[in-house]
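Trainee: The amino acid sequence is not available; the structure is as follows:
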C-alpha cells in the first residue's frame, strides 16, 4: 500500500507539473494574441498569426482538460451553438440497439429518440447528418435501452470526420489558410468563422498525436534514416525579442527509398542544435530504452 501510495503521489505530481506547464504556455499564447504589439502586422499577417494562435490555444486547452481530474456531470455547462440552417440537406443515420428483446423475454417498445446533428461537407456542398438514437423500453421490467453515442473526433462537436479532414487537407496539403476556407464555406451556404476552424485544427492535432507517436516508433526501427532541416520564421513572445521573428527549424526524418515503410515525421525545434536530433533519436539511450 505504501508503494502504491508513493506511485500515486508521483503520478499526481507529474500530471500537475504538466498542467502547470500547459497553463503557462496557454497564458503566453493569449498574451501574444491580445497584446498591442500584434497590431504592427499587416491585416493578412495578423490573420495568419491569429489562426495559428487559435489552433495552439485549442490544442493546449484540450491537453489541459484531458489531464484535469474528471468533474461531476452537473458541473459541465451545455455547449452553446447556433442551430444548423434548415435549408441544408439532411441525411439520417439511425442507431438502434442490437436487440430489442428484454432479458425477461418481452418485446420492448420504442418510446422516443435522441437526435444529434453533425455538419458534414463535400467539396462545394454542405449536408447535415442526423444521428437518431431510438429509445426502447420494456413495460414489464421498466428498463430502457438505447444505442450508445457513436465516437467522434471532437466530443460533442459539430463537425463530422469528413469536414475535419477537408479543413486539415486544405490547410496543410493545399496550402489554403483558414481565412480563405472561411470564404469558401460561406459561398457553399454556411459560414464558419476562422476562430472555430482554428479550434478544430488545434483539437485535431491533439487527437492525432498517438498516430504521430506510433509512426515515430515505426520510423525509429529503420536501420537507415534521412534527416533534413528547413528554416521557418518563429515569432517570439513580447519581452524576449520585442515581438520580432527569429529563425527556427522544422526537422524532417524519413525512411529510405529502398525501405518497405515510406514515412516522414516532422519535428519542430527552435534552433539548429544537434541536441534536437539526439532527443528525437533517443540518444544516448538507457538500458530500459535503447537509443536508435
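Mentor: Yep, it's here. Predicted model, so just to flag it, every value in this text is computed and none were measured.
Trainee: how distant is stretch 207-215 from the center of its chain?
Mentor: 11 Å (Cα atoms, centre = their mean, to the nearest Å).
Trainee: Please enumerate the helices of the stretch 51-200 of the chain.
Mentor: If DSSP state H, counting those that start in this stretch is used as the criterion, the helices of the stretch 51-200 of the chain fall at 161-172, 178-188, 194-219.
Trainee: Adding distance to residue 64, mean neighbour count and mean pLDDT, write those out as CSV.
Mentor: (Each C-beta comes from the backbone N, C-alpha and C, glycine too.) As requested, those are arranged in CSV below (distance: least, Cβ to Cβ, whole Å; neighbours: other Cβ atoms under 10 Å; pLDDT from 0 to 100):
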stretch, distance to residue 64, mean neighbour count, mean pLDDT
helix 161-172, 21, 17, 94
helix 178-188, 23, 16, 93
helix 194-219, 10, 16, 94
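Trainee: do you know which of those lies nearest residue 21?
Mentor: Residue 21 lies closest to helix 194-219 among those, at 15.0 Å (Cβ to Cβ).
Trainee: Can you name every helix or strand that the helix or strand following the closest one contacts?
Mentor: Along the chain past helix 194-219, the next helix or strand (assigned with DSSP states H and E) turns out to be strand 226-235. Using 3 or more Cβ pairs under 8 Å, 6 or more residues apart in numbering; DSSP states H and E, the elements in contact with strand 226-235 are strand 245-254.
Trainee: let's see 10 Å
Mentor: helix 43-67, strand 245-254, strand 264-269, helix 274-281 (3 or more Cβ pairs under 10 Å, 6 or more residues apart in numbering; DSSP states H and E).
Trainee: Skipping its backbone neighbours, what lies nearest residue 199 in space?
Mentor: Spatial nearest neighbour of residue 199, chain neighbours left out: residue 58 (4.0 Å); criterion: Cβ to Cβ, 6 or more residues apart in numbering.
Trainee: mind listing what the one you found touches?
Mentor: Residues near residue 58 by Cβ atoms under 10 Å, 6 or more residues apart in numbering: 154, 195, 196, 198, 199, 200, 201, 202, 203, 204, 205, 206.
Trainee: Let me have those residues in a markdown table, adding distance to residue 15 as columns.
Mentor: Written out in a markdown table, the entries for those read as follows (distance: Cβ to Cβ, whole Å):
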| residue | distance to residue 15 |
| --- | --- |
| 154 | 23 |
| 195 | 29 |
| 196 | 29 |
| 198 | 27 |
| 199 | 24 |
| 200 | 26 |
| 201 | 25 |
| 202 | 21 |
| 203 | 20 |
| 204 | 23 |
| 205 | 20 |
| 206 | 16 |
